[in-house]
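Colleague: quick one: sequence plus predicted model below, questions after.
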Amino acid sequence: MARIPIPHAPARARRAPQAAAASDRSGPARPPRPAVLGRLLPGPEDRAVLGLYLLTRAGVWLTAYCAAWLFPADPGAKRAPSFLSLWDRWDVGFFRRIAEYGYFSGTGAAGSARPDNREAFFPGYPMALRAVHTVVPSWTLSGLLISFFAGAVAVLALARIARLHSPEQAAGPRTVLFLLVSPCAVFLAAGYTEALFLAFALPSWLAAKKGNWALAGSLAALATGVRISGLFLAAALAVQFLVAGRERRAWRSAPWLVLPALPALAYSWYLRSGTGDWMAWKHAQERGWYRQFHSPWEAWHNTWQGAFSHGQTTGYAVMFQAELLAMVIGVLLLALLVTRRQWPEAVYMGLSLWALGTSYWYMSVPRSTLLWWPLWITLAVWSLRRPWLKTGYLCLAAPLMTVLTLVFTSGRWAG
């Protein structure tokens, strides 16, 4: 007798009741995450970047702790100085006095009535310091907190900019690693302006790369309030606007690019109301830090003399040597950007190098490398193709970062 075939239900149909039951047990399905929220919440790569940031911060703090015990101001001391006192160095005092007393109080360093050229420092960071100090009693801790949170924003933005230059998944974290272990990375942790400037400048650049000119101009204006370098960023944004594709350039957005000039104009007007001098900030730099205009070759010669003529103490001489090396790196980077026709980045670097390289001698050029994001992206992208470059960089940069952290936190000149 012939067997009548019985059709079998498809596997999907057989599993349907079980799947439905499981769905009933687990409750209603979650609604999809809003797109805006998805962009704001950190993804896996962002979390990796933040983890790297926290680990390097812990390393800097550990080095500072060792400096307190091993390199005290008094070698015969039986008690180490407080941790916060290690960070109250050099420019930190200027920012605190501005935040506490303003620009025209007449109170100079250590309570002296002699002017201390504080007009050289733009008001953005002191204003942030004053705001945080309303909640945090310690001025030094307030500055450290500003740099800590601003630095986190900066490295997230830097990683996302790096991803625009390389499809490699490791490009973002690698760029951040190179920045965070760079020789002058201690200034990203100290109560200085570098971290806060980058927290505005890098998101501004990222917004420009994506064609959001209103956001780019607004953030660049905040960066200008922190450092004069914001004007160099504004010039780079203008060039980026001109070279951007038609789909990312709308001429009605061009007025946003003027916005970064307003904080500098407002600060100059404010100083004129108190000093009668529109360029009081520039003249304060000339009085306090020898930033009178000199030709680039004169500045090189004077810095070379400071580095190798044995006219300076060894601590200052080695910093002048670092100034020369940093300037060479900056010029090479500028040449590379021009060769690649990366005109916006080349404008930013060119203006930065001109400002740093046309004073009596070089000062703070190594610190300024922290603001040269094309440098860290270039090194990271190169290292992805040449793995030995990462090893070599870390072997050279990490010891220098440790040394400069020890130098700064022990009160020696590292600026």
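Modeller: Structure received.

Colleague: host element of residue 146?
Modeller: helix 139-165 (DSSP states H and E).

Colleague: and the helices in the stretch 201-350 of the chain?
Modeller: Along the stretch 201-350 of the chain, the segments classed as helices by DSSP state H, counting those that start in this stretch run 213-226, 229-243, 261-275, 280-289, 296-308, 314-339, 343-356.

Colleague: and of those, who's closest to residue 82?
Modeller: Nearest to residue 82 among the helices of the stretch 201-350 of the chain is helix 314-339; the distance by C-beta to C-beta comes to 23.8 Å. Bear in mind the C-beta positions are built from the backbone N, C-alpha and C, glycine included.

Colleague: what is the closest one packed up against?
Modeller: Packing partners of helix 314-339 (3 or more C-beta pairs under 8 Å, 6 or more residues apart in numbering; DSSP states H and E): helix 296-308, helix 343-356, helix 365-368, helix 373-385.

Colleague: of these, flag the one that's most buried.
Modeller: Stretch with highest mean neighbour count among the helices and strands packed on helix 314-339: helix 365-368 (a mean of 23; mean count of other C-beta atoms under 10 Å).

Colleague: re earlier: distance to residue 328 added to the helices and strands packed on helix 314-339, as CSV?
Modeller: As requested, the helices and strands packed on helix 314-339 are exported to CSV (distance: least, C-beta to C-beta, whole Å):
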stretch, distance to residue 328
helix 296-308, 10
helix 343-356, 11
helix 365-368, 10
helix 373-385, 12
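
Colleague: quick one, which of those is nearest to residue 327?
Modeller: Shortest distance between residue 327 and these, using C-beta to C-beta, is found for helix 365-368: 5.3 Å.

Colleague: measure residue 151 to residue 86 for me?
Modeller: Separation of residue 151 from residue 86 (C-beta to C-beta, to the nearest Å) stands at 18 Å.

Colleague: ditto for residue 73
Modeller: Residue 73 sits 11 Å away from residue 86, going by C-beta to C-beta.

Colleague: for residue 228, same thing?
Modeller: Here the distance between residue 228 and residue 86 works out to 28 Å (C-beta to C-beta).

Colleague: more crowded one of these two?
Modeller: More neighbours surround residue 86 than the other of residue 228 and residue 86, with 22 against 17 (other C-beta atoms under 10 Å).

Colleague: wouldn't the more buried one be in contact with residue 70 here?
Modeller: No: the criterion here is C-beta atoms under 8 Å, and residue 86 misses it with residue 70 at 11.9 Å.

Colleague: what's the residue nearest to residue 182 when sequence neighbours are not counted sitting at in phi/psi?
Modeller: If the residues on either side of it in the chain are set aside, residue 182 comes closest to residue 397, at 5.7 Å by C-beta to C-beta, 6 or more residues apart in numbering. Note on residue 397: its backbone torsions stand at phi -80, psi -40 [degrees, to the nearest 10].

Colleague: and the helix holding residue 146, which residues are buried?
Modeller: Within helix 139-165, the residues scored as buried using 16 or more other C-beta atoms under 10 Å are 139-148, 150-163, 165.

Colleague: which strands or helices does that helix pack on?
Modeller: helix 44-70, helix 91-101, helix 124-133, helix 171-180, helix 186-189, helix 194-209, helix 373-385.

Colleague: mind doing that once more with 6 Å?
Modeller: When contacts are defined as 3 or more C-beta pairs under 6 Å, 6 or more residues apart in numbering; DSSP states H and E, helix 139-165 packs onto helix 44-70, helix 124-133, helix 171-180, helix 194-209, helix 373-385.
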